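Student: Give me a 3D structure for the following:
(chains A and B)
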Amino acid sequence: MSTSVDFLLWVRGPGFDIALVVFLIGIVIRLLEVLILGRKPDFAEPRGAELGAGLRTLVTRTLPEQGSFRRSPFTVVGGYIWHIGFFISLFLFIPHIELINATIGLSWPGIASNLVDAVAAVTIVTLVAMLFSRMSHPVKRYLSGPEDYLTWLVTILPMITGYLAYHRMIDPYPLALGLHILSVEILMVVFPFTKLMHAFTFFIARWYNGAMAGRRGVQS
Amino acid sequence: MAEERNPMAKTLGESLRQSGVSRRGFLKFCSATASMMALPPTMVSAVAESLEKAKRPSVIWLSFQECTGCTESLTRSHSPTVENLIFDYVSLDYHHTLQVASGSAAEAAREAAMHDNEGKYLVVVDGSIPLGNPGFSTIAGISNLQMLEETVAGAAAVVAVGSCAAFGGLPHAKPNPTGAVSVSEIVKDKPVVNVSGCPPIPTVITGVLAHFLTFGSLPELDSLGRPMVFFGKSIHDRCYRRPFYDKGLFAETFDDEGARKGWCLFRLGCKGPMTYNACATTKWNQGASWPVESGHGCLGCSEPDFWDTGGFYNALSIPDSDVIRNAAYVVGAGVALGAAAGALNRRKQSKAASKHETVTIDDLDKKS
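Tutor: Numbers count the residues shown, from 1 in each chain, chains lettered A, B, ... in the order given. All right, here's what the predicted structure looks like:
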């Protein structure tokens, strides 16, 4: 007999193991591929240091650029809101911290569950609004491919299933929790092979932009 | 003694008065029952009136693959209260543990009750039914399955008491050697109420019987066939330790500072978030305490397959596997594969570089 508890046991047992293998192997392979490939040796004499400039762009390229903020304020603000909301929901919700503590032994203080709940609601609404904007704005729509919609879907699913599980809107509860864990596993499997990899590669890109300019002694 | 043979003749009110229960005591019980079933206060008099006039329904209690814990819960925990009296005053015509008769006399009592109250009697079942081999559990040479089908045929309704009868319970735990199933997997054509728990809270059992006596029908049920009034909210939502959960204050062991301060037992495997039952509000032993109050996490005993949820002391959402060890292996494999992929890419790169033909101005001149 297959019950909701069987389902929960599968997703937190073999399902999680499979997702973890794909996620970690995928990320390590993709990062090593980028790093090992390297760049052509630059024989020109450096005119400045890479380190300072690289570190600086790590920060400055994370802040919104004035021009793009003026041109598309919604994309910038919406992007910030849901990214921050996603991180708060993922890393400051106490049961998530408990899970991380139980699996890898790291722990930090969380915030009150009802606060996370409000943040999660804002995040979900923002994500939906972002999709709406992507589909209705002619340029954004032209620039979007199937991968953009796939990554949007696998990102919002853990938020929605988490919200439903927290509010017990799916019955029975083991099914709600199982669906939430499964949605995260789908995100983990899709992650290394899509633009979601930016969560790891954006450090490299932002560092390189600054370091390259620093070496040439130009402003970045 | 004629009344004893015909239990339907006497009303509940008459029976209670005969055994010295005051009107005041009776009304107190009615208001307690009404509030427990979440009925408005205006319903108390209706409950009293219906119960007063209710005829003692015949109840046949069947015990299959069980441990008698459900009967223990029912009979002992609240024995001095009026709940117990109401139970005395349903006509319990057949119950292995409680009846005096044995052997063929006992079976004759069951058959007589079924015959006399055709279509009106209640069947209470505790224990699961083995389908693997009828010989795994028999009573008077009759297999559990046969006895259940035979007895339920003329019943008004069936109450599956305890997690074994409701969901298969402990006998159903993996690998389920007897092929145990719940009552609702066999009884499809009669209303079945699941009063789950290992054991169930006694007042919940009597509450369901009182509802049947008052309204002549069974209470509203949840998706697992359990009465909503008792199983509508999770332990977690009603737990007095919930504020500690929300603040992230957890007991790490059963005797640390957190445990002494009464912090949340989530890390010690409490299944409160997945468990629907009335323990947190009704409590046990006449409201003395309940498992979480006594310092132990909820086992989830009123939920299906609670025995197989991966350990009583493991939190519900935590992966079973050794994540750090697996991650170490996986990262190792990833490094090996990544290095191989990187080496292949570099080879491709250097091959392309070596095949690259340089062109000088002279070469271009020649061609033109």
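Student: can you give me the helices in the stretch 251-368 of chain B?
Tutor: Per DSSP state H, counting those that start in this stretch, the stretch 251-368 of chain B carries helices over the ranges B:257-260, B:279-282, B:323-355, B:361-367.
Student: is any part of the third one close to chain A?
Tutor: Spelled out, it's helix B:323-355. Yes: using Cβ under 8 Å from any Cβ of the partner chain, helix B:323-355 comes into contact with chain A via B:323-324, B:326-327, B:330-331, B:333-335, B:337-339, B:341-343, B:345-346, B:349. Where C-beta positions appear, they are placed from N, C-alpha and C, glycine not excepted.
Student: contact partners of the helix or strand that contains A:Val189?
Tutor: If you go by DSSP states H and E, A:Val189 is part of helix A:173-190. With contact meaning Cβ atoms under 8 Å, 6 or more residues apart in numbering or on different chains, helix A:173-190 is reached by A:3-5, A:7-8, A:10-12, A:15-16, A:18-20, A:22-23, A:150-151, A:154-155, A:157-158, A:160-162, A:164-165, A:168-170, A:196, B:234, B:273-274, B:276, B:303, B:309, B:316-317.
Student: per-residue confidence for A:Tyr208?
Tutor: Here the pLDDT value assigned to A:Tyr208 is 90.
Student: what's the neighbour count on B:Lys261?
Tutor: For B:Lys261, the neighbour count with other Cβ atoms under 10 Å in any protein chain shown is 10.
Student: Which residues of the stretch 101-250 of chain B lie near chain A?
Tutor: B:222-224, B:234, B:237, B:245-248, B:250.
Student: quick one: which helix or strand includes the residue nearest the centre of chain A?
Tutor: Nearest residue to the geometric centre of chain A (Cα atoms, centre = their mean): A:Ala199, 5.4 Å. Counting by DSSP H and E, the element that carries A:Ala199 is helix A:198-216.
Student: in that helix, what's buried?
Tutor: Neighbour counts over helix A:198-216 (16 or more other Cβ atoms under 10 Å in any protein chain shown) mark A:206-207, A:209-215 as buried.
Student: Output these in CSV; the columns should cover distance to chain B.
Tutor: Formatted as CSV, those follow (distance: Cβ to the nearest Cβ, whole Å):
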residue, distance to chain B
A:Arg206, 22
A:Trp207, 19
A:Asn209, 22
A:Gly210, 24
A:Ala211, 21
A:Met212, 20
A:Ala213, 25
A:Gly214, 26
A:Arg215, 22
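Student: B:Ile139 and B:Phe64, how far apart?
Tutor: Distance, B:Ile139 to B:Phe64, using Cβ to Cβ, to the nearest Å: 8 Å.
Student: which of the residues in stretch A:143-150 are buried?
Tutor: Across stretch A:143-150, burial judged by 16+ other Cβ under 10 Å covers A:Asp148.
Student: average pLDDT for it?
Tutor: Mean predicted lDDT for stretch A:143-150 stands at 95.
Student: One more: stretch A:76-95?
Tutor: Stretch A:76-95 comes out at a mean pLDDT of 94.
Student: Same question for stretch B:108-123.
Tutor: pLDDT averaged over stretch B:108-123 gives 91.
Student: same question, stretch B:40-49
Tutor: Rounded mean pLDDT across stretch B:40-49 is 79.
Student: just to revisit the earlier point, can you tell me which helices and strands the helix holding A:Ala199 packs against?
Tutor: Packing partners of helix A:198-216 (3 or more Cβ pairs under 8 Å, 6 or more residues apart in numbering or on different chains; DSSP states H and E): helix A:14-37, helix A:50-60.
Student: between the ones you listed, which one is nearest to A:Asn114?
Tutor: A:Asn114 sits nearest to helix A:14-37 of all the helices and strands packed on helix A:198-216, at 27.7 Å, using Cβ to Cβ.
Student: which residues are contacting the closest one?
Tutor: Here helix A:14-37 makes contact (Cβ under 8 Å, 6+ apart) with A:181-182, A:184-186, A:188-189, A:191-193, A:197, A:200-201, A:204, B:319, B:321, B:323, B:326-327, B:330-331, B:333-335, B:337-339, B:341-343, B:345-346, B:349.
Student: So for it, mean pLDDT?
Tutor: In this model, helix A:14-37 carries a mean pLDDT of 91.
Student: Now do the one residue in the stretch 1-150 of chain B that gets nearest to chain A, the pLDDT please.
Tutor: Nearest to chain A, among the residues of the stretch 1-150 of chain B, is B:Leu131, at 11.9 Å (Cβ to the nearest Cβ). B:Leu131 is assigned a pLDDT of 94 by the prediction.
Student: Without its sequence neighbours, what residue ends up closest to it?
Tutor: Among residues not flanking B:Leu131 along the chain, B:Gly179 sits closest, at 4.2 Å (Cβ to Cβ, 6 or more residues apart in numbering or on different chains).
Student: Kindly provide the distance from the one you found to B:Leu170.
Tutor: Counting by Cβ to Cβ, the gap from B:Gly179 to B:Leu170 is 14 Å.
Student: who's more crowded, those two?
Tutor: More crowded of B:Gly179 and B:Leu170, by other Cβ under 10 Å: B:Leu170, with 19 against 15.
Student: now the angle from the helix holding A:Ala199 to helix A:14-37?
Tutor: 10 degrees (axes from the mean of the first three to the mean of the last three Cα atoms, to 10 degrees).
Student: which residues does the nearest residue to B:Phe306 once chain neighbours are set aside contact?
Tutor: Nearest non-adjacent residue to B:Phe306, counting by Cβ to Cβ, 6+ apart: B:Gly300, 4.1 Å away. The neighbourhood of B:Gly300, defined by Cβ under 8 Å, 6+ apart, consists of B:271, B:274-275, B:306, B:309.
Student: With A:Met212 instead?
Tutor: Residues near A:Met212 by Cβ under 8 Å, 6+ apart: A:50, A:220.
Student: Please identify which of B:Ile139 and B:Phe64 sits among more neighbours.
Tutor: Counted by other Cβ under 10 Å, B:Ile139 and B:Phe64 do not tie: B:Phe64 has more neighbours, with 24 against 16.
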